[in-house]
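[1] what follows is a predicted protein model with its sequence.
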Amino acid sequence: MRRPRTLKSKLFLLFVLSILCCSLSAMVSLWILQQQSNHLLYQSTSETLNYSADRFHTTLESIEGLVNLLLSDDSFLYQLRVWQQAPENTAATSSLLGSLSNYSNISPYISYICLLQGDQMIRYSRYYPIASMISADSRDELASLAHEHAGAICWSVLEEDPDGLFLSRLIRRVDGFDLQELGVLTVRINMPRLLKDLATPSHHLSPKLFLVSSDSSVLFSNVSDTRSILPSLSRFTKPYGILRWNGVPYFIISQDAGFLDLQYYYMISYQSVDTTTHMLYLSSLLIILLSSLLITFVGYRILQGITVHFHTLSQKMNAYSLGHFDPPDVGFDYSQRMDELGTAHIQLDAMAHRIQSLINDNYVKQLLIREAELKELQYQIHPHFLYNTLESINWYARAANEPHIPRIVYALGSILRCSLNSSSLFSFQQEIDLLRNYMTIQEIRYEDRLLFSLEASPEVMQYELPKMTLLPLVENAIRYAVDENVDPCHIWVDVNLLPAEIRIFVRNTGSHFEEGILEKLDHTKKESHGFGIGLHNIQQRIKLTYGPKYGLTVYNQEEMAVVDIRLPRKPYTGGNENVEMHDRR
């Protein structure tokens, strides 16, 4: 059977659930706060890194500006037209080289700059060796791209030179209503140097840069091994965020390069920030957990301090329900405690004391009532019996010299003297003598209609029993079996001395007991001449004198009414008060 939950366990369960809800709410709030903090941190970091990323675009735009400025120089265009007409003109060639050098030296990322006119070429480079120049086929490819763009700047990447980014533009001059082609200008950008300068840390983060084409291939980067990061870069579609590469978190921003359909990625290590954030998050969780455990422990102690007084209150109530009205020792003194629990204990003890007082008072009253009933029984010899006896004396007196008259008078005198005895206990000798005197009168009265027999061993005569226990039982048997019938009535009284108790059986023919009569007598008030003074009174007197173990049992057996009396073997100590006996037959 499942054990019911105590008040302590229910309150503790409610307290733990409250702590869990609060802890869960704190964790969810902490997680939301972390997400918002990360979002703000990402936004702030992206704004800072965008400045570095914008330098790439600014550098390329500045080179485009130099090219546009060069090609808008009238002196340069004039010398270019002269060189176109006379390639062997050294003055024109020298002037063009001077112009190329002046403009190319402005940007440190221009490897070389050259003019292409058919098979002719003028090249200027500060540091790039001639042997590293691209081949004629590559130059033709750049010229073809320039013609396709018809005067607009064209950016391209050549397989022959993977470290260079090439700008090409068709040079044209307005001649009347026509545009005269003067050649093609190509500029090589030194991407490794540009990326190196962009990645030069102004702090300890050492950024990593990638230029990725539309087919997810890395064209330029300051990282040697780019194959491992390509899958992660191809899946990254946000303008900024966190990307993990080789187990290390990086903060990355993504921008469209604006030419050649390239994507520019700028990455810095986020390890220290990520570690610090996780440490703060874990520390917060640990603090929440420890606080919850501490609050749970303190709450348990507080609940224990409260519920222990409910437990002691329950102990007292259990003790009082079992009839133990003396306040048990529960280890606490509530007499000076003025809170609700103290008041409950004080009021409960006071109520138990009042109940105990009422029980004691009622018990004493019951004893007095039983004593009064006993005294009433001692004086209740039915008037009709006395009248009938006197009538019998009168009748026999008229008959003259009838021998029954002395016996009746003698027995009646013995009965009257016995009834005046104030003792509440008789010996079996006294009780049996009283019964024989009574039956002497009744046998003379009813003659052959009444048969009486009594068996008792001499050893039982020294034991005690309540006064007038047998006589009322025999009197009731005579009243209901003889007075109300015409057939003879036989009454047997057997007194048996057993090892542990004394058993008395009173049997009579001619009547029977109502089923459950003793139980009904306990709840029903009987008339003074009924069983209320007979069976019920004898039952109560025996139980009050010797305890609930002893008393009467009534039943019907073989057309006889039987009364079974159980008494303890208790020697009589009331003195030698003998009852005078009738002349026995």
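    Cool, got the structure.

[2] quick one: least confident helix or strand in this protein?
    Of all helical and strand segments in the chain, the minimum by mean pLDDT, DSSP states H and E falls on helix 383-399, at a mean of 61.

[3] A helix includes S335, no?
    No - counting by DSSP: H, G, I helix; E, B strand; the rest coil, S335 is not part of a helix but coil.

[4] ok, now how distant is S427 from Q462?
    Distance from S427 to Q462, counting by CB to CB, to the nearest Å: 7 Å. (Each C-beta comes from the backbone N, C-alpha and C, glycine too.)

[5] which one's more surrounded, these two?
    Each of S427 and Q462 has its neighbours counted (other CB atoms under 10 Å); S427 has more, 24 against 14.

[6] ok, for that one, nearest residue in space, not its chain neighbours?
    In this structure, S427 finds its nearest non-sequential neighbour in Y572, 3.8 Å apart by CB to CB, 6 or more residues apart in numbering.

[7] now E514: phi and psi?
    Here is the backbone geometry of E514 (degrees, to the nearest 10): phi -70, psi 140.

[8] which phi and psi does the residue nearest to S427 have?
    The phi/psi pair for Y572 (degrees, to the nearest 10) reads phi -80, psi 130.

[9] circling back: shared neighbours, S427 and Q462?
    With contacts taken as CB atoms under 8 Å, 6 or more residues apart in numbering, the residues that reach both S427 and Q462 are Y572.

[10] about what we covered before: and the next element down the chain from the least confident helix or strand of the chain?
    Using DSSP states H and E, the helix or strand that follows helix 383-399 in sequence is helix 404-419.

[11] which strands or helices does the helix or strand following that next one pack on?
    Downstream of helix 404-419, the next assigned helix or strand under DSSP H and E is strand 425-427. Packing partners of strand 425-427 (3 or more CB pairs under 8 Å, 6 or more residues apart in numbering; DSSP states H and E): strand 464-466.

[12] immediately after the strand it packs on, which helix or strand?
    Sequence order places helix 470-481 as the next helix or strand after strand 464-466, per DSSP H and E.

[13] what does that next one contact?
    Against helix 470-481 from outside (CB under 8 Å, 6+ apart): 377, 382, 431-432, 434-435, 438-439, 442, 446, 450, 452, 489, 491, 493, 504, 506, 508-511, 531, 533-535, 537-538, 561, 563.

[14] equivalent analysis for stretch 318-334, please.
    With CB under 8 Å, 6+ apart as the criterion, stretch 318-334 contacts 309, 312, 315-316, 341-342, 345-346, 348-349, 352-353, 355-356, 359.

[15] returning to what we had before: just the buried members of the contacts of helix 470-481?
    Among the contacts of helix 470-481, those classed as buried by 16 or more other CB atoms under 10 Å are 377, 431-432, 434-435, 438-439, 442, 446, 450, 452, 489, 491, 493, 504, 506, 508-511, 531, 533-535, 537-538, 561, 563.

[16] in strands, which of those fall?
    L450, F452, C489, I491, V493, I504, V506, N508, T509, A561, V563 (DSSP state E).

[17] brilliant, that's me finished.
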